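Asks: Turn this into a structure:
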Amino acid sequence: MTLEQLRIFVGVAEREHMTRAAEALNVTQSAASAAIAALEARHGVPLFHRVGRGIELSEAGRMFLIDARAVLGRAASAELALAEYAGLERGTLRLVASQTIAGYWLPRQLAAFHARYPAITIELAIDNTEGAAARVLDGAVELGFVEGVIDEPALAHWTVANDRMVLVSDRAADTIDEDWIRAARWIVREQGSGTRSSFEEVLRQRGVDPSDLTIALTLPSNEAVRSAVEAGAGVAVLSQHVVAPSIAAGTLHDLPLGLPRRPFYALRHKERYRTRAADALTDLIKETGK
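Replies: Model (predicted):
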């Protein structure tokens, strides 16, 4: 069993698609298939179910994924420790961010970091808030950036920015009250999304149970939610970063719900090795936030 086989297995398991995993990992599809076949043959355990033209993790595969991520995390930590001897002259900084942050806030920070430390390679993964926290916890990445609150004692978190949430519709409305909220058709993100958890917390503070909402669609990305609202399928709460162009173009309307600002958090494992590159990025973010 090699680290490369584990890397390929995790990539395929996360996507449950051999071709997309091979493209993301920059290997051929035959190489990815061979790595999975070698792991299965060596241990006599099927890691995936072949369902038609697709694949799904088996029970053994789901269990193995946890350990495989942990091993890769430890290997990455060892590599980072050795790279520290070169200071900030070379190395890789592995990050994960939730969709809103990765698509709208973080790129400016990473561009500034690259301009200051051009020899440091940045690898950014995108996941929802729960998934991002899991990657930081298992060591697959060193820093995470999320919108939702994470209740995990092993992870340190601190605020790096703030974001305004906006209630949008394809038509204007003058008054938004609890009856309107319960009667509306809602387009929402998936469970585990920071955008969704932030909105549901606001509802609870207003005395509205999120389960009372009429959910028309549950979609996996901010852009899909925005497009559905523009098409008249319902209303949604999204980040101002996501909807600002549509509001300016007149395809969406900002409705007067009076939502509070929400924080963006950085995450780091409390006990894992802290690299200079990660510290340099967090210091730069502090500078730009002043």
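Asks: for the stretch 1-150 of the chain, which spans come out with low pLDDT?
Replies: 80-81, 83-90 (pLDDT under 70).
Asks: Just confirm F9 contacts A38, I think it does.
Replies: No - the criterion here is Cβ atoms under 8 Å, and F9 misses it with A38 at 9.9 Å. From N, CA and C alone the C-beta is placed, and that goes for glycine too.
Asks: Give me the more crowded residue out of these two.
Replies: F9 (26 against 15; other Cβ atoms under 10 Å).
Asks: Residues touching the helix or strand that contains T195, excluding its own?
Replies: Element membership of T195, judged by DSSP states H and E, is helix 194-205. Contacts with helix 194-205, where a contact means Cβ atoms under 8 Å, 6 or more residues apart in numbering, come from 98-100, 128-129, 146-149, 165, 181, 188-190, 209-210, 213, 222, 237-239, 259-260, 262.
Asks: Let's see the helix or strand following that helix as PDB, backbone CA atoms only.
Replies: For helix 194-205, the succeeding helix or strand toward the C-terminus, using DSSP H and E, is strand 214-219. Presented in PDB, the C-alpha positions along strand 214-219 are these (Å, rounded to 0.1, in the frame of the first residue of the first chain):
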ATOM      1  CA  THR A 214     -42.000  25.300   2.700                       C
ATOM      2  CA  ILE A 215     -38.800  24.000   1.000                       C
ATOM      3  CA  ALA A 216     -39.300  24.100  -2.800                       C
ATOM      4  CA  LEU A 217     -35.700  23.100  -3.700                       C
ATOM      5  CA  THR A 218     -32.500  22.000  -1.900                       C
ATOM      6  CA  LEU A 219     -29.500  22.800  -4.100                       C
END
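Asks: in the helix or strand following strand 214-219, what's buried?
Replies: Downstream of strand 214-219, the next assigned helix or strand under DSSP H and E is helix 222-230. Neighbour counts over helix 222-230 (16 or more other Cβ atoms under 10 Å) mark 222, 225-226, 228-230 as buried.
Asks: which ones are touching D138?
Replies: 66, 69-70, 73 are the contacts of D138 under Cβ under 8 Å, 6+ apart.
Asks: can we see that at 6 Å?
Replies: By Cβ atoms under 6 Å, 6 or more residues apart in numbering, the contact set of D138 is 69-70, 73.
Asks: Can you flag the buried ones in those residues?
Replies: Buried among the contacts of D138 by 16+ other Cβ under 10 Å: 69, 73.
Asks: just curious, which of the contacts of D138 is nearest to A248?
Replies: Proximity of the contacts of D138 to A248 (Cβ to Cβ) peaks at R69, which lies at 41.4 Å.
Asks: Next, the closest one: secondary structure please.
Replies: helix (DSSP: H, G, I helix; E, B strand; the rest coil).
Asks: separation between it and A140?
Replies: When distance is defined by Cβ to Cβ, to the nearest Å, R69 is 6 Å away from A140.
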